[in-house]
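Novice: no FASTA, just this:
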């Protein structure tokens, strides 16, 4: 196995209808809400099904890029779990590390897509959170070259420390894309984890949560991250692109312009694309270009896996600006 991905596995249901009404409402964080008529039967104009979840989404990119990935996680002993496994097999992703449980159903997401508005996702966090140390085939995962830790939720977050320590002790490189549950671990545990990872991937909100610095203060955030992260630090900025630090230089790039159909899996496609590019060419510039192109392709189609880039596909390259850290004082001293 070239790389093993860890994280959630979900069965995603995408629904689109003109009957969704978007209403301004100050009670919600976004200031808007989706409304449907109470007691009504609503016609859905389009519905699609696909596997999702950070663990399987990232595995799909690695498979498309010519690597031999396996997914390690848990699904329910149900129809949805079987569908997830079957789809992964078709993509060439190893499934021998997947455990099953009858305690909870497979994670499920219902993605509601109003016309010309951001999607709303109804999430059931089920079987994936039940994965424990005893469910992992440790002798098998020891053979991997890389681990990719996607966001873990709930109790699963506590496995982050165990997996990273195991990788560190066995010479396995680690890409770490923590979610809010992992970033809520104790400061001491989190810093020990980050010191052992090779690539740290965060979005602006996550970088702010990690450092305690408002996300608009980009310079201060990177200075803080570089002090605890000896590896490559990546901060995605949504529609404003990405910034990467390797301790010597800062690399900045914008997003590629594309028609957005569905943003599901955008972060996973960038993260796995970045790591794929870095493994292939040991180049941060190329890693940014591949990650950015993969994310742009992903959001041009419904679902997190339906339009990922193939290894033989020519990518549209984004311009990467490179700055020495000594000019701005953002990076750590080596």
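Specialist: Nice, thanks for sending it over. Only a predicted model underlies this, so the values are computations on that prediction, with no experimental measurement involved.

Novice: Name the residues that touch stretch 265-273?
Specialist: Defining contact as Cβ atoms under 8 Å, 6 or more residues apart in numbering, one finds that stretch 265-273 is touched by 5, 52, 54, 57-62, 65, 148, 150, 175, 177, 201, 203, 234, 236, 242, 287, 290-295, 297-299, 303-305, 308-309. Quick note: C-beta positions are derived from backbone N, CA and C, even for glycine.

Novice: From those, which land in helices?
Specialist: 54, 57-62, 287, 290-295, 297-298 (DSSP state H).

Novice: Out of those residues, grab the one that's most surrounded.
Specialist: residue 59 (35 neighbours; other Cβ atoms under 10 Å).

Novice: Would you mind confirming that it makes contact with residue 2?
Specialist: No. Contact criterion Cβ atoms under 8 Å: residue 59 and residue 2 do not qualify, at 10.8 Å.

Novice: Identify the residues contacting residue 146.
Specialist: Contacts of residue 146 by Cβ under 8 Å, 6+ apart are 2, 3, 4, 172, 173, 174, 175, 275, 279.

Novice: Go again with 6 Å.
Specialist: By Cβ atoms under 6 Å, 6 or more residues apart in numbering, the contact list for residue 146 reads 3, 173.

Novice: what does the model give it for pLDDT?
Specialist: Note on residue 146: pLDDT of 98.

Novice: which residues in the stretch 151-300 of the chain form helices?
Specialist: Using DSSP state H, counting those that start in this stretch, the helices of the stretch 151-300 of the chain run over residues 159-169, 180-183, 187-194, 204-211, 218-228, 266-281, 284-298.

Novice: what's the angle from the longest one to helix 54-64?
Specialist: Meaning helix 266-281. Relative orientation of helix 266-281 with respect to helix 54-64: 40 degrees, computed using axes from the mean of the first three to the mean of the last three Cα atoms, to 10 degrees.

Novice: The nearest residue to residue 184 once chain neighbours are set aside: how many residues sit nearby?
Specialist: If the residues on either side of it in the chain are set aside, residue 184 comes closest to residue 157, at 7.3 Å by Cβ to Cβ, 6 or more residues apart in numbering. Other residues lying near residue 157 total 19 when counted by other Cβ under 10 Å.
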